[in-house]
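Q: fold the following and give me the result.
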Amino acid sequence: MALSGPQVRRLDERLAARSQGLTPHQYLMFLQSPSGVTDLEDLIAAAVVNKTDLFRDEVQLAAFRAQVLTPLVAKTRRPLRVWSAGCATGEEVATLLVLLAEAGADPDSTVLGTDIAGDTLRRARWLAYSREQLRRVPPELRSSYFVRSGAREALAPALRERASFQCHNLMESPYPVAPGGGGFDVIFCRNVLIYFTEAAFQRTVEALARSLAPGGVLVLSASEPLLRVPPTLRVQRGEQAFFYVRPEEGAAEAPPAQHAWSGAASPPKQRGTAAPPERARTDAHQGLAVVTTPEPGPEARAEADLLFACVLDGAASGVSDAVAERDLRRCLTLDPDHAAARYLLGLLLEQCRRTAEAASEYRRAFQALESGRSRPVAFFLNPDRLRVACAHAAERLEFSVRRR
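A: Numbers count the residues shown, from 1 in each chain. Model (predicted):
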């Protein structure tokens, strides 16, 4: 994990409280022993993020149902094997079980939930939730698939028995094995990789790809776009989401999208979309000159969105980092408050080890979202989730720069 300042401080506080009287080497040996399990779980809890909800990111889930799950159920005449990697307290596991039932999947289809935190998994196994946690569940699904259990509502027994849980660290091999072997049909790993270092991010994606069955699908969040798609995966793009597919054996490689980069040219520039002139204003509270731009017009926004879509498509066709950066900056010239493009630029700069520049782009993306100036765009339709990703990335990189 690439720890932020608050995460490091929490970890340091727990270490100071628990390792009293021991040298660092002695305490490390203790953590690696059976007696140190409780301490190790406490240290992990100080570092990891366990925020999740049922039916989180509804737009992506709707795209998953239409583009992935429904065709998969129609094609596959056997139980489906699904894995929720980094399942936290189990909300995603419950969501996937409901989606499988609604899609008419084989009743023996299963969902495995894994997480590094043992205490979190113990809570996940209950698959019972408060009214607040169920707020995104459509009423008809809530009445069909949940039953009252004291002050909470639990997943119906017929679905609960299809869930299993396992403690697993994505940095360690071996990875979980699908029931019956042969790989998982679907792997969800959402809002986990944003907390990893760039090297760990890529290594985990490659390992998850190897865990898929031929034709299997990897689902990441919109905050985790692959700017370098491994050769074992192909991009399946819809109007509102990207999915990553492990090709079936003998399948021909899919042609690139019609408007994906060829590496030679960018989309044609439309008339009337020149960058608006900058003008200065004075901040009344600070007395500082702040450079602003007028609101971009519809044509400029349309061209910015097209460039942004081409950046995402280009990741699958091996476009160079230099070309990607050039076109992201062109997109931001047209629409400076395009937070999704600025966030993507931050990811790209971070991968190129340009840490200070990346932190600046993350911070500017966060400010555009926080002020309400940024507008939602396809694949990043959850501004709250994107704001959290930007804030964490900016704070993490700014912290790493200060430590140097």
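Q: please name the spatially closest residue to residue 307 (chain neighbours excluded).
A: Distances taken as C-beta to C-beta, 6 or more residues apart in numbering place residue 331 nearest to residue 307, at 4.0 Å, with adjacent residues excluded. C-betas here are computed from N, CA, C, even on glycine.
Q: isn't there a strand covering that neighbour?
A: No. Using DSSP: H, G, I helix; E, B strand; the rest coil, the assignment for residue 331 is helix, not a strand.
Q: in the stretch 101-250 of the chain, what spans have low per-residue confidence?
A: Counting by pLDDT under 70, the ranges of the stretch 101-250 of the chain that qualify are 250.
Q: rewinding a little: might one say that the residue nearest to residue 307 is in contact with residue 338?
A: Yes. At 6.0 Å, residue 331 counts as touching residue 338 under the criterion of C-beta atoms under 8 Å.
Q: got any residues that touch both of these two?
A: Shared contacts of residue 331 and residue 338, defined by C-beta atoms under 8 Å, 6 or more residues apart in numbering, comprise 304, 308.
Q: residues contacting stretch 384-398, please?
A: Counting contacts by C-beta under 8 Å, 6+ apart, the residues outside stretch 384-398 that touch it are 2-6, 57, 191, 194-195, 221-223, 339-340, 343, 346-347, 350, 355-356, 358-359, 362-363, 365-366, 369-370, 380.
Q: what do you get if the cut-off is 6 Å, keeping everything else the same?
A: Stretch 384-398 is contacted by residues 2, 4, 194, 223, 343, 355, 358-359, 362-363, 365-366, 369, 380 when judged by C-beta atoms under 6 Å, 6 or more residues apart in numbering.
Q: likewise for stretch 69-76?
A: With C-beta under 6 Å, 6+ apart as the criterion, stretch 69-76 contacts 103, 104, 105.
Q: can you pick the most crowded of those residues?
A: residue 105 (23 neighbours; other C-beta atoms under 10 Å).
Q: wasn't that one part of a strand?
A: No. In this structure, residue 105 is coil, not part of a strand, as judged by three-state DSSP.
Q: so it makes contact with residue 81?
A: No. Look at residue 105 against residue 81 with C-beta atoms under 6 Å: they stay out of range, at 10.6 Å.
Q: end-to-end on stretch 369-382?
A: End-to-end distance of stretch 369-382 (C-alpha to C-alpha, to the nearest Å): 11 Å.
Q: quick one: buried residues of it?
A: 369, 374, 375, 377, 378, 379, 380, 381, 382 (16 or more other C-beta atoms under 10 Å).
Q: using the three-state scheme, assign residue 111.
A: Under three-state DSSP, residue 111 comes out as strand.
Q: what's opposite it in the beta bridge?
A: Per DSSP bridges, the residues bridged to residue 111 are residue 82, residue 163.
Q: neighbouring strands - and their directions - for the longest strand seen in the chain?
A: Selection of the longest strand in the chain by residue count, based on DSSP state E, yields strand 212-219. Strand 212-219 has the following strand partners under DSSP bridges: strand 184-188 (parallel), strand 242-245 (antiparallel).
Q: tell me which residues touch residue 162, please.
A: Residue 162 touches 97, 110, counting by C-beta under 6 Å, 6+ apart.
Q: ok, it to residue 56 distance?
A: Residue 162 is 20 Å from residue 56, where distance means C-beta to C-beta, to the nearest Å.
Q: residue 188 contacts residue 219, correct?
A: Yes. Assessed by C-beta under 6 Å, residue 188 is found in contact with residue 219 at 4.7 Å.
Q: neighbour-wise, which of these two wins?
A: More neighbours surround residue 188 than the other of residue 188 and residue 219, with 26 against 23 (other C-beta under 10 Å).
Q: low pLDDT regions in the stretch 251-400 of the chain?
A: Residue ranges of the stretch 251-400 of the chain with pLDDT under 70: 251-294, 316-317, 381.
Q: at 90 what do you get?
A: 251-298, 305-321, 350-353, 375-389, 391-400 (pLDDT under 90).
Q: okay, now the domains of this structure?
A: Using automatic domain parsing, the domains assigned to the chain come out as 58-245, 295-403.
Q: one step back: any idea which helix or strand comes after the longest strand of the chain?
A: Following strand 212-219 in sequence order, the next helix or strand is strand 234-237 (DSSP states H and E).
Q: that next one: how far from the chain's middle?
A: Centroid separation between strand 234-237 and its chain, computed with C-alpha atoms, centre = their mean, to the nearest Å, is 16 Å.
Q: helices or strands up against that strand?
A: In terms of contacts (3 or more C-beta pairs under 6 Å, 6 or more residues apart in numbering; DSSP states H and E), strand 234-237 is packed against strand 242-245.
Q: can you tell me which two in the contacts of stretch 384-398 are farthest apart?
A: Farthest pair in those (C-beta to C-beta) is 355 and 380. Separation: 22.9 Å.
Q: would you map the strands across the stretch 301-404 of the chain?
A: With strands called from DSSP state E, counting those that start in this stretch, the stretch 301-404 of the chain shows none.
Q: mind listing the helices for it?
A: According to DSSP state H, counting those that start in this stretch, the stretch 301-404 of the chain carries its helices in the segments 321-334, 339-351, 355-371, 383-403.
Q: got a list of contacts for the second one?
A: Outside of helix 339-351, the residues that reach it under the criterion C-beta under 6 Å, 6+ apart are 198, 227, 308, 324-325, 328, 331-332, 357-358, 361-362, 364-365, 368-369, 374, 377, 380, 390.
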